[in-house]
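[1] structure of the sequence below:
(one chain, ligands or ions: 1)
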Amino acid sequence: IDNRCFYFDEIKSTNAFMLEHAAEVESGDICVSEYQSAGRGRRGRKWFSPYGHHMYASLFWRLNRDIARTSGLSLVVGCSIVQALQDLGVEGLGVKWPNDIYLDHKKLAGILIELSHHSDTQTELVIGFGVNMSMSAAQGELIDQPWSDLSATGHMPDKTMLLVKLHRQLKRDLVLFEQQGLEAFLQRWNDNDLFINREITLLMAPNAVTGICRGIDKQGAVLLENEQGIQAFVGGEISLRAS
Ligand code: ATP
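    As a prediction, the model looks like this:
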């Protein structure tokens, strides 16, 4: 099926646009903007989205799975974005559970998946992603954690090429996820996981738990090993940090 691309110079949020137009769009349609005045992250956080050379996009997708079987989807999207970038020659990429993409241990891209609608057989989602392409030092000062951009790799892809690659790879991987579930991605995730076999802390306000990261399970939960044995943790309120 051919897909449509809704292109904006400026928008509040590409995810918000897709959610507002969910009734009129098809699976695989995408929204792209040069600037987001209110780019979103998880739990009300913001995705800094200045003008310049960056990618802010949202894909609409109807997943042939009920909501209970979509857990781990952010990991699928992470693997997919990493794959697309690696195919373009970018090296030094890694993933951080559950939804971040790092380059040389600094945050390169973010993913925000929002639910549009669900039934017993289908889940409508908006999958947003932001990729830093060429951030100026002045822009970068406004980001409150270590960041990176594609210009640092010496492999700066053409923006249209990047979008086409990401779009194709995401569609391919979402179909694979529909057919085979997260199991098809476990190896890919673990191969790129920056924290596997390293000591991490999971922040779950007001609590925190520390242990050795042992990758993910079939549900997309992060596995943590400590005196209590290996435990699986899952949930949108958790943040992972190096210990
Ligand atoms: P964290 O990455 O701290 O674990 P998170 O996964 O909950 O947080 P996201 O929704 O992925 O958060 O991203 C939002 C966070 O990413 C912001 O709070 C900010 O620290 C950082 N951030 C915002 N914009 C950018 C950007 N353009 N590049 C890199 N990092 C950014």
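[2] surely Val131 meets Trp47?
    No - contact criterion C-beta atoms under 8 Å: Val131 and Trp47 do not qualify, at 10.5 Å. Glycine gets a C-beta too; all of them are placed from N, C-alpha and C.
[3] overlap in contacts of those two?
    Shared contacts of Val131 and Trp47, defined by C-beta atoms under 8 Å, 6 or more residues apart in numbering, are absent.
[4] what strand or helix carries Leu59?
    Under the criterion of DSSP states H and E, Leu59 resides in strand 53-63.
[5] using CSV, list the CA coordinates for that strand.
    Output in CSV follows, covering the C-alpha atoms of strand 53-63 (Å, rounded to 0.1, in the frame of the first residue of the first chain):
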residue,chain,number,x,y,z
HIS,A,53,18.8,19.7,10.6
HIS,A,54,16.9,17.2,12.7
MET,A,55,14.3,14.5,12.3
TYR,A,56,10.9,14.7,14.0
ALA,A,57,8.4,12.2,12.8
SER,A,58,5.4,10.0,13.8
LEU,A,59,4.2,6.8,12.2
PHE,A,60,0.6,5.7,12.5
TRP,A,61,0.1,1.9,12.8
ARG,A,62,-2.8,-0.5,13.3
LEU,A,63,-1.3,-3.5,15.0
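[6] do you know how far the residue in the chain that the ligand sits nearest to is from Gln228?
    Closest to the ligand within the chain is Gly41: 2.6 Å, counting by C-beta to the nearest ligand atom. For Gly41, the distance to Gln228 equals 31 Å [C-beta to C-beta, to the nearest Å].
[7] when those two are compared, which one has more neighbours?
    Set Gly41 next to Gln228 and count neighbours by other C-beta atoms under 10 Å: Gly41 wins out with 16 against 9.
[8] looking at it, the more buried one is touching Asn15, isn't it?
    No - using C-beta under 8 Å, Gly41 is not in contact with Asn15, being 10.3 Å away.
[9] before we move on, back to that, list the contacts for the residue of the chain closest to the ligand?
    Contacts of Gly41 (C-beta under 8 Å, 6+ apart): 47, 110, 112.
[10] equivalent analysis for Lys107, please.
    Lys107 makes contact with 100-101, 143, 145-148 under the criterion C-beta under 8 Å, 6+ apart.
[11] same deal with Asn64?
    By C-beta under 8 Å, 6+ apart, the contact set of Asn64 is 121-122, 178.
[12] what about Tyr102, neighbour count?
    20.
[13] same check, this time on the one 4 residues further on
    Here the count is done by other C-beta under 10 Å, and Lys106 has 15 residues near it.
[14] with His167 instead?
    Residues contacting His167 under the criterion other C-beta under 10 Å number 19.
[15] A helix includes it, no?
    Yes - assessed with DSSP: H, G, I helix; E, B strand; the rest coil, His167 lies in a helix.
[16] show me what the residue nearest to it when sequence neighbours are not counted is bridged to.
    Spatial nearest neighbour of His167, chain neighbours left out: Ile30 (5.9 Å); criterion: C-beta to C-beta, 6 or more residues apart in numbering. Taking DSSP bridges as the rule, Ile30 bridges to Cys5, Leu59.
[17] my read is that Ile30 contacts Ser58, right?
    Yes - taking contacts as C-beta under 8 Å, Ile30 lies within contact range of Ser58: 6.8 Å.
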